[in-house]
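S.K.: below is the sequence, then the predicted model.
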Amino acid sequence: FQPGCTNICYDHIFPISHIRLWALQLIFITCPSLMVMAHVKYREGKDAKYVELHHGSHLYANPGKKRGGLWWTYLLSLVFKAGFDVAFLYILYRIYDGYDLPKLSKCSLEPCPNTVDCFISRPTEKKIFMLFMVVSSAVCIFMCLCEMVYLIGKRISKLVRIRQENQRLLFAEQHELTNMAPPRSQYRKTDPTLSDSQMSLNRREKIREGGISTTL
């Protein structure tokens, strides 16, 4: 047995602490959220300058609302978050060979001349924490995917609704409602055989039937 071989084997089996790896993962996952916040602050500053130049009129009704470029920034942040979680799950899988941490490991690494039995301290605690990391990362990936599907589906439904509304308005403009039939008076024919006195008599009778009276 050569002094120092246990440390070399332990470093090979357990190259990074779970706490440090998880802290690094949280740092990477937080960066996309900071990107969204920076975009919102940029829009607020742009809106403030617009208000000064145009005497109170605003450029954005709500700078924090996910519309336009901010919608794309937010969607991209979700893609980055899901990607970082997947990457760290893969790193964890490669480091610990399938999310497992054995109690005893035999290794023969240089410069150790012989095979060394390496016992990892508190392997059950480390394995439980590793499973917690895996489950929480999987839940975060699922939530990011659900939110991406919701955002894209909502955007598509909105575009379809706008397109249908535009088509309806275009159809209404092209087929604008007009008088499908001229007034009935246009179709009313006068008998050419009637004399002027008979025609005036007919007019008086219609006025009486309509309850219209005139005073001279």
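M.R.: That came through fine.

S.K.: pLDDT below threshold where in the protein?
M.R.: Scanning the chain for pLDDT under 70 picks out 1-4, 176-216.

S.K.: helices and strands around the helix or strand hosting residue 169, which ones?
M.R.: Secondary structure from DSSP states H and E places residue 169 in helix 123-174. Using 3 or more C-beta pairs under 8 Å, 6 or more residues apart in numbering; DSSP states H and E, the elements in contact with helix 123-174 are helix 18-53, helix 69-96. Bear in mind the C-beta positions are built from the backbone N, C-alpha and C, glycine included.

S.K.: between it and helix 18-53, how big is the angle?
M.R.: 30 degrees (axes from the mean of the first three to the mean of the last three C-alpha atoms, to 10 degrees).

S.K.: looking at the helices and strands packed on helix 123-174, which one is packed in the most?
M.R.: A comparison of those by mean neighbour count, using mean count of other C-beta atoms under 10 Å, puts helix 69-96 on top with a mean of 16.

S.K.: for it, packing partners?
M.R.: Short answer (3+ C-beta pairs under 8 Å, 6+ apart): helix 69-96 packs on helix 18-53, helix 123-174.

S.K.: can you name every helix or strand that the first one contacts?
M.R.: Contacts of helix 18-53 with other secondary structure elements, assessed using 3+ C-beta pairs under 8 Å, 6+ apart, are made with helix 69-96, helix 123-174.

S.K.: so for this structure, the centremost residue is which one?
M.R.: In the chain, the centroid-proximal residue (C-alpha atoms, centre = their mean) is residue 151; its distance is 2.6 Å.

S.K.: for that one, what are its contacts?
M.R.: Residues in contact with residue 151 (C-beta atoms under 8 Å, 6 or more residues apart in numbering) are 66, 71, 74-75, 78.

S.K.: and the gap between it and residue 34?
M.R.: 19 Å (C-beta to C-beta, to the nearest Å).

S.K.: many thanks, I have nothing further to ask.
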